Every structure is written in C-alpha cells, then in structure tokens.
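In: please work out how this folds:
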Amino acid sequence: MEDKTEGIARQGKLTTYFVSKDSIVRRIWGNGDTILLIFAGASAEFALNKAVDWLYFTGRLPSEPLKRLFSTVSYARQIVFAEQENAMCAIDKISAIHKEVEDKRGQNIPDWAYRDVLSMLIDYSIRSYELLERKLSISEKEEIYHVFKRVGARMRLKELPADYDHWLLMRASGLHENMTNGPFTGDLYRQYRRHLGWFRFLILKHVQTILVPEKVNELLSLRKSPFATAMLGIYKFSGVIGVKSWLKNAILPSAYRKEVNALDGYSHRSS
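Out: Have a look, this model is predicted:
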C-alpha cells in the first residue's frame, strides 16, 4: 500500500501535498503532545545509537542537545504538512546538510544510521499516538510506514523494507545490533539533565520508561514506573478540565514553550 498525495484546486492551480490531508500521519504530527513524546523517545535512542559520534563531530548535540533533537523532529513535521515540491526540497536540504558533514569528516554516515533515525520517527509516531489516544489499525501503521519510506527513498537510502511487516523485522534487528550504552550515552544524559534541570529530567526519564522499546529500556537501565503511568493519566485528564496549557508550560523549558505550544493544531493551519 503506497501513501497517496492529495491534490487541491486553489485559484485554478492544483496543489499536491506530500501527505494526504485525511492521513493518520497528519493527526499524529499535528498534535504537540504526540510530538513531545516522539521527542522523548528519540532522545533516548540518539544517546544509545552506535553512530552518535557523528552528532558529536559537529559539536551541536552535546552543546545544544534539546535544540538538535527538536530540529530533527521539526524537519519531519514540516515535511508531513508540506506541499509535494516543498517537501522534496526540505528532504534534499537534509541530505545536503549531512553530505556537508560527511565531506568535512572524510567519511560517509552509515546507511543503517539513516535507517535507524527513520525508524525512530516511524516507531515513536505509533507509540506516542497509542499512549495518548488509541490503538492504531494495521492499515494505519502501514500508512505511517509508507509516508516515511518515501522520505527515505528521496534520501536514496538503500534496503528500505517493502512494507510494515518487513520494517518490523528491520527495526528489531537495528535495536539489537546498532544500540549500545557507551561513553557518549552517559555524557548525553548529563547534558539533558543540565539543560532540562533535575525536575524536568526526572519527568523525561519516567516518560521514557513507558514509551521506549524493551531493548532501549534495558540498555538505559530504566525501571518500569507506576508513577509514569499515573503521570500520563493526569496529563491526559488535564485536557478535560482545561489546565493542560498550564501544566505543559510548567514542564517545558522556557526556551521551547512557544515552539512546542505552536505545534498544536498545526494541521489545521496548514490546510
């Protein structure tokens, strides 16, 4: 099943979007809460990935870990809501940025490292939505996979699985072969704590315990936390009683409040 773009007639011109406006992918990436969870999951896996030294090479990740991770998520969000041509330009820009880093280092980033980042976006899109909303159908998961497969194909990544079921096998293999708790892991988590403060850092780790795959949980020595489940329930209920914005502002670093709050309803503003 290939994801279909959508054409919209606007002032006599046909506008084609990279992702159909009724796609589950837009519902996931148009919600600031799911974006925050995707961010939390990615922060765990970036710290464990065996290719994390590439992010240290530029110096941006250790000096500004939150900004670096948020930019990865933001690029993905922009692509999801972009018109077809703009989405392709954004993907090409990502490829060009990485090519520049490769040229400076005189090496190529491993293809599996690119696939791992793509897998993070796929997996945490699913996990985040299911934690906050409901279980996704197989067809919806297929749709999510094929949207990001198209991103990978534009980046000319090799060995992309044909469908969601085959991607699950690649995902399991990547988690076991490409993840390790090394010297960069501890350093990156220290940077997270320094930039977030101890209270927000504690919340991040609790959220990760109920979000990340078991292998990631094991490598980071995260313990399953009943508090995390209760905390998530309180956060979801806060939307019902109208205090979610206040609660979200309390747990977000001030430098990112405006950006994260702006993510809510993004799908409606881009329609």
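In: neighbours around Q107, how many?
Out: Residues lying near Q107 (other CB atoms under 10 Å) number 11. For every residue, glycine as well, the C-beta is placed using N, CA and C.
In: where does the stretch 101-250 of the chain dip in pLDDT?
Out: 234-250 (pLDDT under 70).
In: how about a cut-off of 50?
Out: Counting by pLDDT under 50, the stretch 101-250 of the chain has low-confidence residues at 240-243, 246.
In: in it, which spans are helices?
Out: Applying DSSP state H, counting those that start in this stretch to the stretch 101-250 of the chain gives helices spanning 111-132, 138-154, 164-177, 183-196, 198-211, 214-219, 226-241, 244-251.
In: of all these, which one comes closest to Y56?
Out: Using CB to CB as the measure, helix 183-196 is the one of these that comes nearest Y56, at 6.3 Å.
In: what packs against that closest one?
Out: helix 32-48, helix 60-63, helix 65-81, helix 198-211 (3 or more CB pairs under 8 Å, 6 or more residues apart in numbering; DSSP states H and E).
In: tell me the most buried of these?
Out: helix 32-48 (a mean of 23; mean count of other CB atoms under 10 Å).
In: and the angle from that helix to helix 111-132?
Out: Interaxial angle, helix 32-48 versus helix 111-132 (axes from the mean of the first three to the mean of the last three CA atoms, to 10 degrees): 140 degrees.
In: quick check: S95 vs P161, distance?
Out: To P161, S95 is 20 Å away according to CB to CB, to the nearest Å.
In: which pLDDT value belongs to A96?
Out: Note for A96: predicted pLDDT of 93.
In: how about it, what does it touch?
Out: Counting by CB atoms under 8 Å, 6 or more residues apart in numbering, A96 makes contact with nothing.
In: just say helix, strand or coil for it.
Out: Following DSSP: H, G, I helix; E, B strand; the rest coil, we place A96 in the helix state.
In: check the gap between it and E102 for me.
Out: Taken as CB to CB, the span from A96 to E102 is 11 Å.
In: kindly report the same for T209.
Out: From T209 to E102 the distance is 35 Å (CB to CB).
In: and if you look at S221?
Out: S221 is 33 Å from E102, by CB to CB.
In: more neighbours: which of the two?
Out: Neighbour count, other CB under 10 Å: between S221 and E102, E102 has more, with 14 against 7.
In: that one against D111, yeah?
Out: No - counting by CB atoms under 8 Å, E102 stays clear of D111, with 11.9 Å between them.
In: can you tell me the helix or strand for T15?
Out: strand 13-17 (DSSP states H and E).
In: quick check: what element follows that strand along the chain?
Out: The first helix or strand that comes after strand 13-17 along the chain, using DSSP H and E, is helix 24-29.
In: mean confidence (pLDDT) on that following helix, please.
Out: pLDDT averaged over helix 24-29 gives 93.
In: L160 and V151 touch, don't they?
Out: No - if you go by CB under 8 Å, L160 and V151 don't touch, sitting 9.9 Å apart.
In: higher neighbour count, the two?
Out: Of the pair L160 and V151, V151 is the one with more neighbours under other CB under 10 Å, namely 23 against 20.
In: before we move on, back to that, among the helices of the stretch 101-250 of the chain, which comes closest to Q84?
Out: Among the helices of the stretch 101-250 of the chain, if distance is taken as CB to CB, the winner is helix 138-154, at 10.3 Å.
In: quick one, the closest one and helix 164-177 angle?
Out: Using the same axes, to 10 degrees, helix 138-154 lies at 70 degrees relative to helix 164-177.
In: helix 138-154 to helix 65-81, inter-axis angle?
Out: 100 degrees.
In: which other helices and strands does helix 138-154 contact?
Out: Partner elements for helix 138-154 (3+ CB pairs under 8 Å, 6+ apart): helix 24-29, helix 65-81, helix 84-105, helix 111-132, helix 164-177.
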